[in-house]
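S.K.: Dropping the sequence and predicted coords here.
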Amino acid sequence: MDLPAPVAAWHAIAESRDPAGLADLLADDVVFRSPAVHGDQAGKELTTAYLSAAVVVLGPSLVYKRQWYAERNAVLEFEAELDGLAVHGIDMLQWDDAGRLVEFIVMVRPIRGLEKLIEKMAAQLFG
């Protein structure tokens with residue numbers, strides 16, 4: 001299967017660490033889920049804020065290792081390093097017929113890497 005357009009768009013954003021492309025990639029009713037935040041974060045504005053922070057925090061060391069695709073869905077396995085701590089996780093993407101993301105789920109391990117990610121994301125989002 002060829003690289004789905006929404007996945008290619010996300011990779012371009014992650015690699016450039018420029019969240020400008022999120023405006024075209026995210027559906028208005030997109031939902032973001034992550035162990036770094038409590039509950040579902042619904043809507044384009046909140047999802048843009050979280051993904052923008054993530055590309056700043058994880059972007060410098062983020063490497064996607066493997067990817068799996070199904071119809072309008074993808075799972076992207078990644079690794080990154082935060083202050084010497086390894087972060088290993090997956091991004092689960094789902095998109096609509098127009099190619100806009102309607103769901104972005106992040107799962108991260110190990111716990112120390114997640115704790116560091118939460119700390120760095122909070123600093124990026126809330127100063």
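M.R.: Everything's here; your move.
S.K.: What segments of the chain are helices?
M.R.: 5-16, 22-25, 44-57, 111-126 (DSSP state H).
S.K.: how about V106, what does it touch?
M.R.: Applying C-beta atoms under 8 Å, 6 or more residues apart in numbering, we find V106 in contact with 32-36, 54, 89-92. Using the backbone N, CA and C atoms, a C-beta is placed for each residue, glycine as well.
S.K.: Do you know the pLDDT at E79?
M.R.: pLDDT, E79: 97.
S.K.: how many other residues sit next to it?
M.R.: Using other C-beta atoms under 10 Å, E79 has 15 other residues around it.
S.K.: Out of the helices of the chain, the one nearest E103 is which?
M.R.: helix 44-57 (9.5 Å; C-beta to C-beta).
S.K.: who touches the closest one?
M.R.: By C-beta under 8 Å, 6+ apart, helix 44-57 touches 13-14, 17-19, 22-23, 26-32, 34, 37, 41, 62, 82, 101, 104, 106, 117, 120-121, 124-125.
S.K.: same deal with stretch 28-39?
M.R.: In contact with stretch 28-39 (C-beta under 8 Å, 6+ apart) are residues 40-44, 46-47, 50-51, 100-108, 114, 117-118, 121.
S.K.: And stretch 81-96, by the same measure?
M.R.: Applying C-beta under 8 Å, 6+ apart, the contact partners of stretch 81-96 are 4, 6-7, 10, 27, 57-58, 61, 72-80, 101-110, 112-114, 116-117, 120.
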